[in-house]
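In: here is my input; please provide its structure:
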Amino acid sequence: MDNLNLIPPAIIESIENWLEIKAATSTLASNTRVAYHNDVTDFFIFLSEHHNEITQLSTVEKLKISDIRAWQAKLRNMNSGARSNARKLSSLKSYIRWLAKHRGFDATHILSIKSPKFSNKLPRPLEPMEAKAVLSECESTSTEPWVIARDSAVLILLYGCGLRISEALDIRTKDIPLGNSMRVTGKGGKVRVVPVLKIAQNAVRHYVELCPFQLSANDEIFRGVRGKPLSPKIIQNKMKLVRNLLGLPASATPHALRHSFATHLLSNGGDLRTIQELLGHASLSTTQIYTAVDSVRLMEVYSKTHPQA
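Out: Predicted structure coming up:
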């Protein structure tokens, strides 16, 4: 984080205390904690620059709606999307709510600020043949057999098991060999059991056999070329390379394979409740978006193939 010198130690300490309490009272994933920290510190860096003076805790008690508006305007000028800005504002309001209660001041005017509106875009899954082509083309993108096996295994886990990329990269040596099912810890620490197809079991086993690094029981199995835990960015870049080779749209990302898993299950008769469990969605409403995706795909097929369309 740049310009942390613009935030006094008292505010840094208060942010850490807020995060500690938040982690103690709810399941807070490490990535979420980092996002909260970054969102709030970014605001205080902005505030110090905006007022041309170091922001103090006493200043926070006197925050104006115009300060928040100016921050949001700067984010928009930096091409930060409405969804991202809404999350940042939510993080800040959570911190302000805690601080107001802790220090005994009224922050109603700040907490009443409405979040930016954004539309939920429909996921854009790949067609079944496109997904299969991605898995096949992956083999031509490296000269190192163990790297090919690694990337193939990760992509198969995304499409074949519906895992998030972070969930796939969290598989440990102690989880190997994969059986017909595995326990996955998803967002918010929610644990679910997902079936593992034979093709996924075999892909992971093949990678582990070729992996050149010695790993302990609690080490993540997927490693970078220098032996460190594999970064999601590597898989994202591999997917970008593959989609360019295949002429697929920019929406063909690793997460699109997870979308494809859900959409193809639904298209073949899978019920929403089961898909919800497999994806690890806390709310059925999140899963229901795939019914809209499936309807859109059906209409596209109808428009292209029906003689009267």
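In: got phi/psi on residue 79?
Out: Dihedral pair for residue 79: phi 60, psi 30, per degrees, to the nearest 10.
In: quick one: least confident helix or strand in this protein?
Out: The weakest-scoring helix or strand in the chain, judged by mean pLDDT, DSSP states H and E, is helix 289-305 (a mean of 53).
In: got the CA positions of stretch 221-235 in PDB?
Out: Provided in PDB are the C-alpha atoms of stretch 221-235 (Å, rounded to 0.1, in the frame of the first residue of the first chain):
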ATOM      1  CA  ILE A 221       0.300 -29.100  -4.200                       C
ATOM      2  CA  PHE A 222       0.200 -26.600  -7.000                       C
ATOM      3  CA  ARG A 223       3.500 -24.800  -7.300                       C
ATOM      4  CA  GLY A 224       5.100 -22.200  -9.400                       C
ATOM      5  CA  VAL A 225       8.300 -22.900 -11.400                       C
ATOM      6  CA  ARG A 226      10.400 -21.700  -8.400                       C
ATOM      7  CA  GLY A 227       8.600 -23.900  -6.000                       C
ATOM      8  CA  LYS A 228       6.400 -21.400  -4.300                       C
ATOM      9  CA  PRO A 229       2.600 -21.800  -4.000                       C
ATOM     10  CA  LEU A 230       1.000 -21.200  -7.400                       C
ATOM     11  CA  SER A 231      -0.400 -17.700  -7.900                       C
ATOM     12  CA  PRO A 232      -3.900 -17.400  -9.400                       C
ATOM     13  CA  LYS A 233      -2.400 -14.900 -11.900                       C
ATOM     14  CA  ILE A 234      -0.500 -17.800 -13.600                       C
ATOM     15  CA  ILE A 235      -3.700 -19.600 -14.300                       C
END
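In: and it, average pLDDT?
Out: Stretch 221-235 comes out with an average pLDDT of 95.
In: got a list of contacts for it?
Out: The contact list for stretch 221-235 (Cβ atoms under 8 Å, 6 or more residues apart in numbering) reads 144, 147, 150-151, 153-155, 165-166, 168-169, 171-173, 175-176, 204, 207-208, 211, 213, 215, 219-220, 254. No exception for glycine: its C-beta is placed from N, CA and C like everyone else's.
In: how far off centre is that stretch?
Out: 17 Å (Cα atoms, centre = their mean, to the nearest Å).
In: then stretch 254-266?
Out: So, by Cα atoms, centre = their mean, the centroid of stretch 254-266 is 15 Å from its chain's centroid.
In: and whichever strand or helix holds residue 199, what does it pack onto?
Out: Using DSSP states H and E, residue 199 sits in helix 198-210. Here helix 198-210 touches helix 145-161, going by 3 or more Cβ pairs under 8 Å, 6 or more residues apart in numbering; DSSP states H and E.
In: which residues in the stretch 1-150 of the chain form helices?
Out: 9-25, 30-51, 57-60, 65-77, 82-103, 108-111, 128-137, 145-161 (DSSP state H, counting those that start in this stretch).
In: so which of those helices is the most surrounded?
Out: helix 145-161 (a mean of 24; mean count of other Cβ atoms under 10 Å).
In: what angle do it and helix 198-210 make?
Out: 160 degrees (axes from the mean of the first three to the mean of the last three Cα atoms, to 10 degrees).
In: for the record, mean pLDDT for helix 145-161?
Out: Mean predicted lDDT for helix 145-161 stands at 94.
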